[in-house]
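**Q** below are the sequence and a predicted model for it; my questions follow.
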Amino acid sequence: MINNNNIQENCPAWLENSGLKPADISRVLSGAQQTGETPSNIVRRLGLLSDQELAKILAQSHGVSLVSLDDFVTTDPLDGQLPQAFLRANQVCPVAISDEGLLLALADPQDQETIDGIAMTISMDIIPVVAPLADIEAALSQFFGETGQLAEDESQRFTSDADAEHLRDLASEAPVVRLVNEMISEAAKLRASDIHIEPFRDYLQIRLRIDGVLQELKAPAINMAKLMVSRVKIIAGLDIAERRRPQDGRARLNIDGKQLDLRIATSPNVHGESVVIRLLEDRNSEVSLNELGLAKNHRKLLDKHLAQPYGLILVVGPTGGGKTTTLAGAVSQLNQPGRKVISIEDPVEYQIDGVTQIAVNSAIGLTFASVLRSVLRHDPDVIVVGELRDTETAEIAVNAALTGHLVLATLHANTAAAAPARLVDMGVDPSLLRSTIKLVIAQRLVRLLCTQCHGKDADCQNCSGSGYRGRSGLFEMIDMQGDILNLIQPGAAAADFAMAASKAGFNSLADNAKEKLKSGITDSQELWRVLGEKIKVD
């Protein structure tokens, strides 16, 4: 969240004395706070000062020398010790080597992290100077080629082992390690489920998904993007030299005394690589169904079916809708000494003592279908399938429910009424499905109004100014019996199931939303965001 009260307080002295109009200075500071770019980069990008004027002001303000292209030696004085990609990304270039150390030209003399990183890498004193960015880029082109830009192979991949090692060294130095650790620590403190690192042409964007909604986190300058991505890759054991293809990895970190499991995915884009980090806290406590926000009638119906010895219970909804948590609550209730419960998940998010939990790994052929087939030979009473992703898995799950097992599974469908038709479309035999399916639950997660500011205080520390803190489930349930069950036929339509469920008295997601709005725990704006329809209290 942007704190407008602090914008003027963060104005650097050089900008105050730059001769720019107050309105332009305000634009620069506001842009810096929004994007994480340095003020000098924004001044340059907006064209408020020429490159030469900006360099002169920065040099005078920081008490360092101003150099031009004529001052650079004609060949790289470091002989390739620092890769071209790193120098261009950080807008720096070696000028020359003297008895005092390396004369290093920077477009921004305040970039101390880059200075420190280079000093540690080359084991040499650094003498910072300022040069216009155009002169730095021209000198780099003189060192590495006349095109003025990276060769295609280098822009996508560091082909040299030495280049990769240099980048690894830079990404392993204290400033970068601290920056990434602080980012993850801040995300954990704010209860974020994901971190999104996204480089663009002129700035780096870092966003956190908190209670299901992305919020911006203050990001460093764009010249740190490659080092941050490389550091994350090192943590996850990924190939830092591979920048042309997506990569997936995992890591386990101790942050502020808490064990965090990280799922990391990288993807190339036109400005570098984007990274998404999924934060999974080491959850070894049981989830109670009492914590999910279930209405009394929904809880009663769920309890009835969880008490049955066999059958199929489906939990449906979009990614991030809380399906895994609902399954964890159901498993915690079923987890008794007299029952053997086996769960197949991707990944294992809640570790529950007494439950055999298996994480799928498609890279070695450990798929939902192959594990489920094997699990049936281990005499389970209850089987939990993290997701019915394909026809084979769905058919095995239905057959397991038919042969005397209680099967709980998730499925991607928008509503409870759409789930049976979805399984039939996947190729599941309708007659077998009619014999096994017992309950379908659809759900979403809505943010709760902050208990301290009730959504009316932009400076509230409890909710970081969002107005919301925590989430509760919205549910609709269909008890699959009678006329509803008979609708499971080839060509069945979700609308037919919805109409039959309504006639049978089952409430929709919108009905449940209305009850939560009436109770005052959320608001109509949040319900519109989640459901896409206006909910009003009668």
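**A** Received it, and whenever you're ready, just let me know what you need.
**Q** all helices for the stretch 251-400 of the chain, in order.
**A** 296-306, 323-334, 368-375, 391-402 (DSSP state H, counting those that start in this stretch).
**Q** let me see the residues that make contact with the shortest one.
**A** When you say that, I think you mean helix 368-375. Helix 368-375 is contacted by residues 342, 344, 346, 358, 360, 383, 385-390, 392-393, 396-397, 400 when judged by CB atoms under 8 Å, 6 or more residues apart in numbering. Heads up, the C-betas are built off the backbone N, CA and C, glycines and all.
**Q** and it, what's buried?
**A** 368, 369, 370, 371, 372, 375 (16 or more other CB atoms under 10 Å).
**Q** in this structure, what helix or strand scores lowest on average pLDDT?
**A** The weakest-scoring helix or strand in the chain, judged by mean pLDDT, DSSP states H and E, is helix 152-156 (a mean of 36).
**Q** ok but residue 29 is inside a strand, no?
**A** No: going by DSSP: H, G, I helix; E, B strand; the rest coil, the assignment for residue 29 is helix, not a strand.
**Q** measure it to residue 216 for me?
**A** Distance, residue 29 to residue 216, using CB to CB, to the nearest Å: 16 Å.
**Q** what do you get for residue 447?
**A** From residue 447 to residue 216 the distance is 17 Å (CB to CB).
**Q** now find how far off-centre stretch 296-311 is within its chain.
**A** Taking CA atoms, centre = their mean, to the nearest Å, one finds the center of stretch 296-311 at 34 Å from the center of the full chain.
**Q** output that stretch as CSV, nothing but the C-alphas.
**A** Output of stretch 296-311 as CSV, limited to C-alpha atoms (Å, rounded to 0.1, in the frame of the first residue of the first chain):
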residue,chain,number,x,y,z
LYS,A,296,-25.3,-25.2,10.8
ASN,A,297,-27.2,-27.0,8.1
HIS,A,298,-24.1,-27.5,6.0
ARG,A,299,-22.2,-28.9,9.0
LYS,A,300,-25.0,-31.3,9.8
LEU,A,301,-25.1,-32.5,6.2
LEU,A,302,-21.3,-33.0,6.0
ASP,A,303,-21.2,-34.8,9.3
LYS,A,304,-23.9,-37.2,8.1
HIS,A,305,-21.9,-38.2,5.0
LEU,A,306,-18.6,-38.4,6.8
ALA,A,307,-20.1,-40.9,9.1
GLN,A,308,-21.0,-43.3,6.2
PRO,A,309,-18.7,-46.3,5.6
TYR,A,310,-18.4,-45.8,1.8
GLY,A,311,-19.3,-43.4,-1.0
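**Q** which strands and helices sit next to the stretch of helix or strand residue 227 belongs to?
**A** Element membership for residue 227, per DSSP states H and E: helix 225-236. The contact analysis (3 or more CB pairs under 8 Å, 6 or more residues apart in numbering; DSSP states H and E) places helix 225-236 against helix 84-89, helix 161-171, helix 174-189, strand 192-199, strand 247-255, strand 258-269, strand 272-281.
**Q** go through these and pick out the most buried.
**A** Greatest average neighbour count among the helices and strands packed on helix 225-236 goes to helix 84-89 (a mean of 22), per mean count of other CB atoms under 10 Å.
**Q** the following helix or strand past it: which residues count as buried?
**A** Next along the chain after helix 84-89, taking DSSP H and E as the criterion, comes strand 92-98. By neighbour count on 16+ other CB under 10 Å, the buried set for strand 92-98 is 92, 93, 94, 95.
**Q** now the helices of the stretch 251-400 of the chain in JSON lines, with mean pLDDT and distance to residue 203?
**A** Below are those laid out as JSON lines (pLDDT from 0 to 100; distance: least, CB to CB, whole Å):
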{"stretch": "helix 296-306", "mean pLDDT": "96", "distance to residue 203": "46"}
{"stretch": "helix 323-334", "mean pLDDT": "94", "distance to residue 203": "34"}
{"stretch": "helix 368-375", "mean pLDDT": "91", "distance to residue 203": "40"}
{"stretch": "helix 391-402", "mean pLDDT": "95", "distance to residue 203": "43"}
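**Q** quick one: which of these is nearest residue 245?
**A** helix 368-375 (25.1 Å; CB to CB).
**Q** if I take the closest one and helix 391-402, what angle do their directions form?
**A** If you take axes from the mean of the first three to the mean of the last three CA atoms, to 10 degrees, helix 368-375 sits at 30 degrees to helix 391-402.
**Q** tell me how far helix 368-375 lies from the chain's centre.
**A** Worked out by CA atoms, centre = their mean, helix 368-375 lies 29 Å from the chain centre.
**Q** go on, stretch 339-353?
**A** 23 Å.
**Q** what comes up buried for stretch 124-138?
**A** So, applying 16+ other CB under 10 Å, buried residues of stretch 124-138: 124, 126-138.
**Q** who touches it?
**A** Counting by CB under 8 Å, 6+ apart, 44, 51-52, 54-55, 58-59, 62, 64-69, 71-72, 88, 91-93, 95, 97-98, 100-107, 109, 115, 118-119, 139, 148 sit against stretch 124-138.
**Q** quick check: end-to-end length of that stretch?
**A** 24 Å (CA to CA, to the nearest Å).
**Q** look at the nearest residue to residue 142 once chain neighbours are set aside and give its secondary structure.
**A** Spatial nearest neighbour of residue 142, excluding adjacent residues (CB to CB, 6 or more residues apart in numbering): residue 74 at 6.5 Å. What three-state DSSP gives for residue 74 is coil.
**Q** what about residue 74, neighbour count?
**A** 8 (other CB atoms under 10 Å).
**Q** so residue 405 makes contact with residue 310?
**A** Yes: the criterion here is CB atoms under 8 Å, and residue 405 meets it with residue 310 at 5.8 Å.
**Q** between those two, who's got more neighbours?
**A** Counted by other CB under 10 Å, residue 405 and residue 310 do not tie: residue 405 has more neighbours, with 22 against 16.
**Q** report pLDDT for the more buried one.
**A** Looking at residue 405, its pLDDT is 96.
**Q** mind listing what it touches?
**A** 310, 376, 380, 381, 382, 383.
**Q** gap between the first one and residue 67?
**A** Using CB to CB, one gets 79 Å for the distance from residue 310 to residue 67.
**Q** cool, and the last one?
**A** Applying CB to CB, the value for residue 383 to residue 67 is 70 Å.
**Q** can you tell me the SS state at the nearest residue to residue 395 once chain neighbours are set aside?
**A** Spatial nearest neighbour of residue 395, excluding adjacent residues (CB to CB, 6+ apart): residue 428 at 5.9 Å. At residue 428 the chain is in coil, as set by three-state DSSP.
**Q** hmm, back to that, filter the contacts of helix 368-375 to the buried ones?
**A** Buried by 16+ other CB under 10 Å: 342, 344, 346, 358, 360, 383, 385-389, 392-393, 396-397, 400, out of the contacts of helix 368-375.
**Q** nearest to residue 413, of those?
**A** Lowest distance from residue 413 to the buried ones among the contacts of helix 368-375 (CB to CB) belongs to residue 388, with 9.9 Å.
**Q** and residue 445, helix, strand or coil?
**A** Relying on three-state DSSP, one would call residue 445 strand.
**Q** sorry, back to before: now, which of the contacts of stretch 124-138 lie within strands?
**A** 92, 93, 95, 97, 98, 101, 102, 103, 104, 105, 106 (DSSP state E).
**Q** and the gap between the second one and residue 80?
**A** Residue 93 sits 13 Å away from residue 80, going by CB to CB.
**Q** spit out the contact partners of residue 448.
**A** Residue 448 neighbours (CB under 8 Å, 6+ apart): 468, 469, 470, 471, 472, 521, 522.
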